[in-house]
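J.: what would the 3D arrangement of this be:
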Amino acid sequence: ECDNAVDGSCSRCSPRLPRICCDLCNPEDFEGMFQVLDPPLKSQLRRSKVKDYTPDEHDKELHQWLKDWRQKTSEEDYGLPFVKHFGCSNIMTDQVLSHICDAAHQHLITSTGDLFKESRWHLTQKYGQIVVDKIKETIPAAPPPSKPTTI
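T.: Now for the predicted structure:
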């Protein structure tokens with residue numbers, strides 16, 4: 001039997017309204033989604049060259065955390081139906097995720113500025129500190145450089 005107590009419509013059998021309609025009805029919900037970045041100057045924002053490496057347990061843990069965080073954040077920001085249809089690359093693409101993991105392995109990310117330089121992730125300002133904190137928590141600190149010995 002229908003429950004018409006709220007707004008004269010049944011909460012069980014009435015169609016549910018989506019959280020986000022479209023970019024015309026809710027332009028603020030789509031502001032950062034398709035952001036176009038200005039091309040960097042040739043002398044700035046060059047990514048570091050990362051040598052091939054075999055991921056260790058810390059690298060794998062960071063990679064999995066980034067994938068899980070990306071999924072959770074996409075669902076929170078856009079809703080599960082959107083994520084099921086479009087995926088979660090609107091928050092972070094696979095390529096950006098890989099660049100972050102590679103740079104973290106080489107200890108190249110210690111700040112949000114480093115994160116943007118190494119990944120060129122368009123949401124660094126919004127979510128960068130969360131990712132940098134997780135990198136610092138997950139990846140062991142770089143060993144101090146060895147002092148040259150004299151003979």
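
J.: got a list of what Phe86 touches?
T.: Tyr78 (CB atoms under 8 Å, 6 or more residues apart in numbering). Where you see a C-beta, it was placed from the backbone N, CA and C, and this is true even at glycine.

J.: could you do Asp133 as well?
T.: Asp133 neighbours (CB under 8 Å, 6+ apart): none.

J.: residue ranges in the chain under the pLDDT threshold?
T.: Applying pLDDT under 70 to the chain picks out residues 1-9, 11-12, 14-21, 23, 30, 32-45, 150-151.

J.: counting neighbours, what do you get for Asp56?
T.: Neighbour count for Asp56, taken as other CB atoms under 10 Å: 11.

J.: tell me where the protein has helices.
T.: Remark: helices assigned in the chain by DSSP state H are 57-78, 80-86, 94-105, 112-119, 124-138.

J.: any idea how far Leu115 is from Asp94?
T.: 17 Å (CB to CB, to the nearest Å).

J.: with neighbour numbers in mind, choose between those two.
T.: Looking at Leu115 and Asp94 with other CB under 10 Å, you find the greater number of neighbours at Leu115, namely 25 against 12.

J.: ok, Val132 to Phe82 distance?
T.: Computed with CB to CB, the distance linking Val132 and Phe82 is 27 Å.

J.: so which of the helices of the chain gets nearest Cys13?
T.: Among the helices of the chain, the nearest to Cys13 by CB to CB is helix 80-86 (18.6 Å).

J.: which of the residues in that closest one are buried?
T.: Neighbour-count burial for helix 80-86 flags 82-83 (criterion: 16 or more other CB atoms under 10 Å).

J.: list the contacts for the most centrally placed residue in the chain?
T.: Residue closest to the average C-alpha location in the chain (CA atoms, centre = their mean): Met92, at 4.1 Å. By CB under 8 Å, 6+ apart, Met92 lies in contact with 66, 70, 121, 123.
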